[in-house]
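Q: please find the sequence and the predicted model below.
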Amino acid sequence: MYQILYMSQAAKSFNESELPEMLTRFRAENHSREISGLLAYHNGCFLQCIEGPDIAVHDLYAHICRDARHYGVLTLYERNLPEREFPDWSMGYIPTTKIDTDRVAGFNDFFSMEKESKPASAKAELAYPMLEAMRDELLRMQKRGSP
């Protein structure tokens, strides 16, 4: 099992209806490749974690790096995993407009430094705990019947 966490800047702004439409297609493709993960989008910045079989993850990431919908792809980290950390989603997505960002540890700090020229390691230190908190928030939202 392999995992890559990256961030990038959107080439154009996406509204809340555009992303779910794209995610429907991406989820089907990810499911067929045995890829899972979580995506966050906030103020023109994507933060995504993808995980799955090593070759499938590397192939998808190479495709992501060439995708014209975003630029400035920055690998925050990549690593081998004993098991999936986001097994429930072929691509979990949490609309940041629908969460209490104060409840998501590191959210405000991470997205306030997104455009700063900080090293990837500094961004990664904030990103992963934030993704875990977002995963927990998404699970709470799903139990309540939203988003």
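A: Noted; the coordinates are in hand.

Q: flag the shaky bits of the chain, pLDDT-wise.
A: 16, 95, 98-99, 103-106, 108-109, 111-122, 146-147 (pLDDT under 70).

Q: may I ask you to name the longest strand in it?
A: If you go by DSSP state E, the chain has its longest strand at strand 70-80.

Q: partner strands of that strand, parallel or antiparallel?
A: strand 2-10 (antiparallel) (DSSP bridges).

Q: centre of the chain to the strand it pairs with, how far?
A: Strand 2-10 sits 7 Å away from the centroid of its parent chain (C-alpha atoms, centre = their mean, to the nearest Å).

Q: any buried residues in the very next helix or strand once past that strand, and which?
A: Once the chain leaves strand 2-10, the next helix or strand it forms, by DSSP states H and E, is helix 18-33. Along helix 18-33, these residues count as buried under the neighbour rule (16 or more other C-beta atoms under 10 Å): 19, 23, 26-27, 30, 33. To be clear about C-beta, it is placed using only N, CA and C from the backbone, and glycine gets the same treatment.

Q: tell me the secondary structure for the residue nearest the centre of the chain?
A: For the chain, the residue nearest the mean C-alpha position is residue 48 (2.0 Å; C-alpha atoms, centre = their mean). Recorded secondary structure, residue 48: strand (DSSP: H, G, I helix; E, B strand; the rest coil).

Q: ok, now how distant is residue 101 from residue 15?
A: 18 Å (C-beta to C-beta, to the nearest Å).

Q: so these two - more neighbours on which side?
A: Neighbours around residue 101 and residue 15, counted as other C-beta atoms under 10 Å, are more numerous at residue 101. The numbers are 16 against 6.

Q: give me every residue that touches the closest residue to the more buried one other than its chain neighbours.
A: Closest residue to residue 101 apart from its sequence neighbours, by C-beta to C-beta, 6 or more residues apart in numbering: residue 107 at 4.5 Å. Applying C-beta atoms under 8 Å, 6 or more residues apart in numbering, we find residue 107 in contact with 96, 101, 130, 133-134.

Q: repeat for residue 131
A: 5, 38, 40, 47, 49.
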